[in-house]
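[1] turn this into a structure:
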Amino acid sequence: MELSDLRVFICVVEEGGISRAANKLNRVPSNVTARIQKLEKQLQTQLFIRDNKKLRLSPNGERLLHSGRELLLKAEQTINEIKSDKPQGILKLGSIEMAAATRLVEPVMQFHRQFNSVELQLHNAPTGALIEKILAGELDIALVSDPAEDKRLEIMPVFTETLVLVSDRQHIDIKNPADLGEQATILGFSDLCSYRRSFDRWIGEQQVPAKTIDIHSYHALLSCVTAGMGVGIVPQAVLDIFPFKHAIKQHPLAQPWGRSSSCLIWRKDSLTTNAQAFKNLLGKNNETAIDRLAS
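    Take a look at the predicted model:
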């Protein structure tokens, strides 16, 4: 069904006849009649009952009139939304767990206050998985850590993270991978996590043998570290909000292992109005934070 045919049908109803509708639509009556006949053929039903050269709606015509007006209104709203540069609809935001628990709390609150007509959907996943979802068009924009250059992606650094090695209080000081011991147990996320990959490379420098246990949240990781089940690498921002951080021993990491860059990423060809608004807000917040540090 074409929307133009639906408009002709509704005009005939509202004007009370073919001739008046043709005059309003700047068409000849035969064209209006042909459009109505086309609709009736497509729907396989009679839309008007013809009585002494007068038209009145059939029962199915009444149904089409009600639904047709809703369809035209929805079509007009959709066109206006596409043409509008005002944020509205849905924003599919991806984030690594660390950022969702620390860095994004205030920006998400601000975004909701400023653009309350936007439904924000937050998806947590490791960096590698988020990059795949951005490239596949499943997310509009995402905050990830240390993304590799990709000609399909725009990358905007936002935060610099300090990474620390954590263990239980009884562990010896860890200054290099050899200090982990001969039977080290590493606690970390999947190999799609950039922090986990960084840790693996650090250990690999001295080919230290280690058993790895996959953990799915920072609170679980830090709880296991506190219990002496292994060591892990976490951002300082996460450790700062852990309620039992006094029971954890921190070990500074030398560069480049002790730094990570949290970046916003999006497809170069797919920056939506909603994603642009979030990007601008997060960038503005970061500039404000830098100004506070400078002063």
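[2] ranges for the strands of this structure?
    Counting by DSSP state E, the chain has strands at residues 48-51, 54-57, 89-95, 118-124, 141-145, 153-168, 184-188, 210-214, 231-235, 248-252, 259-267.
[3] mean confidence for the fourth one?
    Across strand 118-124, pLDDT averages out at 93.
[4] tell me where the model's unsure across the stretch 151-295 of the chain.
    285-295 (pLDDT under 70).
[5] can we see that at 80?
    For the stretch 151-295 of the chain, residues meeting the criterion pLDDT under 80 lie at 191, 205-209, 284-295.
[6] that older thread, redo the strands of the chain as TSV? Include mean neighbour count.
    For every residue, glycine as well, the C-beta is placed using N, CA and C. Listed next are these as TSV, based on neighbours: other CB atoms under 10 Å:
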stretch	mean neighbour count
strand 48-51	12
strand 54-57	14
strand 89-95	20
strand 118-124	15
strand 141-145	25
strand 153-168	18
strand 184-188	20
strand 210-214	14
strand 231-235	24
strand 248-252	17
strand 259-267	20
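[7] and of those, who's closest to residue 22?
    With respect to residue 22, and counting by CB to CB, the nearest of the strands of the chain is strand 54-57 at 13.0 Å.
[8] now do the helices in this protein.
    3-15, 18-25, 29-43, 59-83, 97-101, 105-114, 127-135, 194-204, 218-226, 236-240, 273-294 (DSSP state H).
[9] ok, back up a step: let me have the strands of the chain in JSON lines, extended by distance to residue 73.
    Formatted as JSON lines, the strands of the chain follow (distance: least, CB to CB, whole Å):
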{"stretch": "strand 48-51", "distance to residue 73": "23"}
{"stretch": "strand 54-57", "distance to residue 73": "19"}
{"stretch": "strand 89-95", "distance to residue 73": "17"}
{"stretch": "strand 118-124", "distance to residue 73": "21"}
{"stretch": "strand 141-145", "distance to residue 73": "31"}
{"stretch": "strand 153-168", "distance to residue 73": "36"}
{"stretch": "strand 184-188", "distance to residue 73": "53"}
{"stretch": "strand 210-214", "distance to residue 73": "51"}
{"stretch": "strand 231-235", "distance to residue 73": "49"}
{"stretch": "strand 248-252", "distance to residue 73": "59"}
{"stretch": "strand 259-267", "distance to residue 73": "32"}
